[in-house]
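A.B. asks: Sharing a model that was predicted from the sequence below.
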Amino acid sequence: SGTSRPVRILHHVQKVAQYGDAQSVLSAVDSYCSKIEWAMNVGDLKGQILDAVVLETRPHYVLELGTYCGYSTVRIARLLPPGARLFSIEMNPQYAQVAREIIQHAGLDVDILVGCTSDLIPQLKKKLDIEKFDFVFIDHWKVSYLRDTKLLECDLLRPGSVLLADNVTCPGAPDYLHYMRTSPRYESQYFPSRLEYLSRGGGGALPGIKLLLNVT
Ligand SMILES: O=C(c1ccccc1)c1ccc(O)c(O)c1[N+](=O)[O-]
Ligand SMILES: [Mg+2]
């Protein structure tokens, strides 16, 4: 088919979700990806963990690594108080454009930065007039989690900053997981969950690549 999976998700959101209503945007993405075609959004089950951590942290400055369609971006932004700032980095310009339109449909305001995290993270302090991030959601390429965390440690985190990472066991970010569990800089907590959109009632197409299932 001519369109990409993110564009098909965007069209579904624009068709069924109420403009300005973030929850209806999340529900539209979740129903599309559980019934029609799987996509790598954090999903509603793990999304509830994300919600709880954001609400508990009450962050003012938030960074997300890996925007994709903007599902978790909407999830986070809808819970932030006015005045809080959310920046999301996406290296794929097509994904970034879809995310901008999904976030706009939700009536939310987020800064999407297009580029590679390893290039952009060292520039953030200069580019944005902010000191430290209170909360970071990590959900981009799994091989980049540890490298980018170490880049963040160079002066973008403070005592009490919270990092939350998706997929540390499935598909897995073993080097990141080991580092966070052994470094004296962090207290780590593991939230067992399941890969997004797997409790499959309807038909729906699973991704071409067989996803390794990790039963925790
Ligand atoms: O890596 C994949 C992946 C691997 C194989 C096929 C499809 C996706 C993936 C799976 C679930 C995720 O939540 C996620 O964030 C990703 N990702 O790419 O960032
Ligand atoms: Mg993920």
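C.D. replies: Cool, the structure landed. Residues are numbered from 1 along each chain as shown. Ligands and ions are numbered 1, 2, ... in the order given.

A.B. asks: What helix or strand is the residue positioned nearest the centre of the chain located in?
C.D. replies: Centroid-nearest residue in the chain: Ser72, 4.3 Å away (criterion: Cα atoms, centre = their mean). Secondary structure from DSSP states H and E places Ser72 in helix 71-77.

A.B. asks: Name the next helix or strand downstream of that helix, please.
C.D. replies: Proceeding N to C from helix 71-77, the next assigned helix or strand is strand 85-90, under DSSP H and E.

A.B. asks: For ligand 1, tell me whether that next one is touching it.
C.D. replies: No. Strand 85-90 does not reach ligand 1 (Cβ under 6 Å from any ligand atom); its nearest approach is 11.3 Å. C-beta coordinates here come from the backbone N, C-alpha and C atoms, glycine included.

A.B. asks: Packing partners of that strand?
C.D. replies: strand 61-65, helix 71-77, helix 93-105, strand 111-114 (3 or more Cβ pairs under 8 Å, 6 or more residues apart in numbering; DSSP states H and E).

A.B. asks: now do 7 Å
C.D. replies: Packing partners of strand 85-90 (3 or more Cβ pairs under 7 Å, 6 or more residues apart in numbering; DSSP states H and E): strand 61-65, helix 71-77, strand 111-114.

A.B. asks: For Ser199, which of the ones you listed is the nearest?
C.D. replies: Distance to Ser199, taken as Cβ to Cβ, is lowest for helix 71-77 among these, at 17.3 Å.

A.B. asks: who touches the closest one?
C.D. replies: Helix 71-77 is contacted from outside by 22, 25-26, 29, 41-42, 47, 50-51, 54, 62, 64, 67, 86, 88, 99, 102-103, 106, 108, 110, 137, 139, using Cβ atoms under 7 Å, 6 or more residues apart in numbering.

A.B. asks: Out of those residues, which end up buried?
C.D. replies: In these, burial by neighbour count holds for 22, 25-26, 29, 41-42, 47, 50, 54, 62, 64, 67, 86, 88, 99, 102-103, 106, 108, 110, 137, 139, counting by 16 or more other Cβ atoms under 10 Å.
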